[in-house]
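K.L.:
Quick one, structure for this:
(one chain, ligands or ions: 2)
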Amino acid sequence: EEQRPWWKGVVAYQVWPMSFKDSNGDGIGDIQGIISKLDYLKDLGVDVIWLSPTYKSPMDDWGYDISDYQDIHEQFGTLDDMEQLINEIHKRGMKILLDLVITHTSDKHPWFIESRKSKDNDKADWYMWADKRPGNEINGELVEEPSNWRAAFGGSAWTYVKERDQYYIHLFLVSQPDLNWDNPDVREAVYQSAVKFWLDRGVDGFRVDTANRFHKDPNYPDIEPTVAGKWQPGSKHYINGPKMHEWLQELRAKMHRDTNGKDLMLVGELPLTPYEELLKYVIPERKELSMVFDFDMIKLGNNDNPDEFAKHEVSNFMDRDPSFTLPKFKTAIQKVQNLITDTNAWGTIFSSNHDQGRDIPRYATPLPKYWRKAGKLLALLQTTLSGTQFIYQGQEIGMTNMPESWGVSEFRDPDALIYIEDYCNLHRDKDPNARENAIKGVFKVGRDNGRTPMQWSDEPNGGFTGSNPTWMRINENYTYLNVKAQQADPDSIWNFWRARIAMRKLHRELFMFGTFALYDYANEQTFTYTKMSTTGQMALVILNFSNDELPLNTLQRHLLGHTYRLLASNVSKVRERLQAWEGRVYLIR
Ligand code: TEU
Ligand code: CA
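P.N.:
Ligands and ions are numbered 1, 2, ... in the order given. Down below sits the predicted model:
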């Protein structure tokens, strides 16, 4: 049989360092803190750790704004700490992925400091500069910027620099200028400092940030207005540009060359990318990325909004996001399952990361009485789907969103803060409650929801840090919702995750690699699928995504047949009828 690459059969865990574990009492997570929790991760069943950025950074976007790829942000530690972390991870038989943020740098990166000085310096064309143009009228306002593109975090995607009398592009913050990937010197410098430097230090791969945004349409075409104001969401002109593939192939070839062909794990963040286009990135023959983070499911819980400009619209909902329907959810999941089943490409399974609200209210229910069962239901779902599974810190104990009683002063995410201002400016006239509505939206889907400090125990500050105030407020429910309490409780979400990960590994042919078949696409309450291994084993998964108690339907009974064994369920006693939010996994013989 063909040898499978190692990265297909692993369980990965994302660490967001600011909030994982503080070792020195300054209230900020750090590398020594992570080292102190490696045995914890190993015990949970984790094989690969993806570390969000720890590089030198002004922290405008909490590390996704890098000012030196070859150094460590001082609050996280030193290069020696990092070396120790890599060693300690390897010593335990685990692997480490670093975050590769190379669409943009920080504006404090020496490359940009140089580039912005003049039009004829060494690095003059290392970023994307363009002249002011004769004003165009858009939505009744004059736009002199090179285009009317809107930045992901709000406002124009262009910022003016007097020294050059030009604008530069930033798809995210003003302080995150986009690199000019068309310039081969830039590609080589990025490779040497952000990639090779770390390959030489033994990392096992990278999570590639915004892996489809390097190439922008050089004509900078204006976008037809679809939202209020001058700045328009224009992802079609900078997502999946044709040169993306050429550049990723070049990057991959260099990695291959400099590691003697080491089998690296490269997982690319590829939002807003249709199936056929995804394949181009992850079909192994093309030698680009090893697997994709597809975002269809994630965007579904975010009000379906491709350019994320409607957070307010999801406020005031009682249960799930109103745009959420179970059939849409199934379709999103099926996309990645099909990719794995029908081609030799590979994908990931994940429901959370540092850019999202917590998953239980988004994909299941915010009703506290179902919290435990819903958390386990999502674990049952994800540990039985094919692909490389990613768990985000805190997901294993069902951590929850920021409570709405917190004020705006607890927000730390620039995306949220700019969004609130932006929204007020645009909607103040029509909506007297603009500010409150914007804030409500952030409480529902804002990124800070996933960034509160990890809840380790019921000690002060949740065992995240000593007595200092934490850099971001910790959720007060840490007194009962924490790792230590859940480890001691056999019925906890943590123990359930741990057992499911073990089950996934024990039946890897079925759960990690099996063929997925969906049976009840249109059903709004249940999600029923089978997994089939090449060795002829079959599993049946039945999940009740509703508040109702339901009898097994004809289809489910039929699939169950006569000889089956219950492998897992999220209720203490499985009866005839499915309880609300109950899930079951059967082995069928
Ligand atoms: O995110 C890029 C991305 O596609 C998002 O989902 C992004 O979070 C969203 O547009 C914001 O509302 C990556 C990182 O994961 C994110 O933390 C960074 O802020 C971003 O890139 C910029 O580097
Ligand atoms: Ca610290």
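K.L.:
and the gap between residue 408 and ligand 1?
P.N.:
Distance of residue 408 to ligand 1, computed by Cβ to the nearest ligand atom, to the nearest Å: 17 Å. C-beta: built from backbone N, CA, C; applies to glycine.
K.L.:
which residues touch that residue?
P.N.:
Residues in contact with residue 408 (Cβ atoms under 8 Å, 6 or more residues apart in numbering) are 420, 439, 442.
K.L.:
which of those has the most neighbours?
P.N.:
residue 442 (26 neighbours; other Cβ atoms under 10 Å).
K.L.:
what's it in contact with, if anything?
P.N.:
Applying Cβ under 8 Å, 6+ apart to residue 442 gives the contacts 311, 408, 411, 416, 419, 420, 448.
K.L.:
repeat that with 10 Å
P.N.:
311-312, 315, 357, 402, 404, 408, 411, 413, 415-417, 419-420, 423, 448-449 (Cβ atoms under 10 Å, 6 or more residues apart in numbering).
K.L.:
quick one on the thing from earlier: from the contacts of residue 408, pick the one nearest residue 373.
P.N.:
Residue 373 has its nearest neighbour among those in residue 442, at 27.6 Å by Cβ to Cβ.
K.L.:
Secondary structure element holding the closest one?
P.N.:
For residue 442, the element it lies in under DSSP states H and E is helix 434-445.
K.L.:
For that helix, the averaged confidence score.
P.N.:
Averaging pLDDT along helix 434-445 gives 87.
K.L.:
and if you look at stretch 162-170?
P.N.:
Here stretch 162-170 scores 98 as its mean pLDDT.
K.L.:
Return the residues of the protein in contact with ligand 1.
P.N.:
Neighbours of ligand 1 within the chain, by Cβ under 6 Å from any ligand atom: 61, 64, 101, 152, 172, 209-210, 269, 271, 308, 354-355, 415.
K.L.:
so where do the helices sit in the stretch 151-300 of the chain?
P.N.:
With helices called from DSSP state H, counting those that start in this stretch, the stretch 151-300 of the chain shows them at 184-190, 197-199, 243-258, 275-282, 296-300.
K.L.:
Just give me the neighbour total for the residue of the stretch 101-250 of the chain found nearest ligand 2.
P.N.:
Using Cβ to the ion, the closest approach of the stretch 101-250 of the chain to ligand 2 is made by residue 106 at 21.1 Å. When neighbours are defined as other Cβ under 10 Å, residue 106 has 26 of them.
K.L.:
Does it lie in a helix or a strand, and which?
P.N.:
For residue 106, there is no enclosing helix or strand under DSSP H and E.
K.L.:
Make sure it is actually in contact with residue 176.
P.N.:
Yes: distance between residue 106 and residue 176: 6.7 Å, which falls inside the contact criterion (Cβ atoms under 10 Å).
K.L.:
quick one: common contacting residues for the two?
P.N.:
60, 61, 64, 65, 66, 112.
K.L.:
out of these, which is most surrounded?
P.N.:
residue 66 (29 neighbours).
K.L.:
Contact partners for it?
P.N.:
Residue 66 is in contact with 53-58, 73, 99-102, 104-106, 108-109, 176, 193-194, 209, counting by Cβ under 10 Å, 6+ apart.
K.L.:
helices and strands of the protein: which one has the lowest mean pLDDT?
P.N.:
Lowest mean confidence among the helices and strands of the chain (mean pLDDT, DSSP states H and E): strand 136-138, at a mean of 80.
K.L.:
buried sites along that strand?
P.N.:
residue 138 (16 or more other Cβ atoms under 10 Å).
K.L.:
What helices and strands are in contact with whatever helix or strand comes next after it?
P.N.:
Counting by DSSP H and E, the next helix or strand C-terminal to strand 136-138 is strand 141-143. In terms of contacts (3 or more Cβ pairs under 10 Å, 6 or more residues apart in numbering; DSSP states H and E), strand 141-143 is packed against strand 136-138.
K.L.:
List the strands paired with the strand it packs on, with their directions.
P.N.:
Neighbouring strands of strand 136-138 in its sheet, by DSSP bridges, are strand 141-143 (antiparallel).
K.L.:
Can you tell me what sits against the strand it pairs with?
P.N.:
Outside strand 141-143, the residues that touch it by Cβ under 10 Å, 6+ apart are 133-137, 148, 156, 158, 222, 229-232.
K.L.:
now do 6 Å
P.N.:
Here strand 141-143 makes contact (Cβ atoms under 6 Å, 6 or more residues apart in numbering) with 135, 136, 230.
K.L.:
And the pLDDT for whatever residue of the stretch 351-500 of the chain ends up closest to ligand 2?
P.N.:
For the stretch 351-500 of the chain and ligand 2, the shortest gap (Cβ to the ion) falls at residue 465, measuring 7.1 Å. The model reports residue 465 with a pLDDT of 96.
K.L.:
ditto for residue 468
P.N.:
Note on residue 468: pLDDT of 85.
K.L.:
Repeat that for residue 229.
P.N.:
81.
K.L.:
for residue 315, same thing?
P.N.:
pLDDT recorded at residue 315 is 37.
K.L.:
Same check on residue 324?
P.N.:
Residue 324 carries a pLDDT value of 84.
K.L.:
That one: what's it in contact with?
P.N.:
Contact partners of residue 324, counting by Cβ under 6 Å, 6+ apart, are absent.
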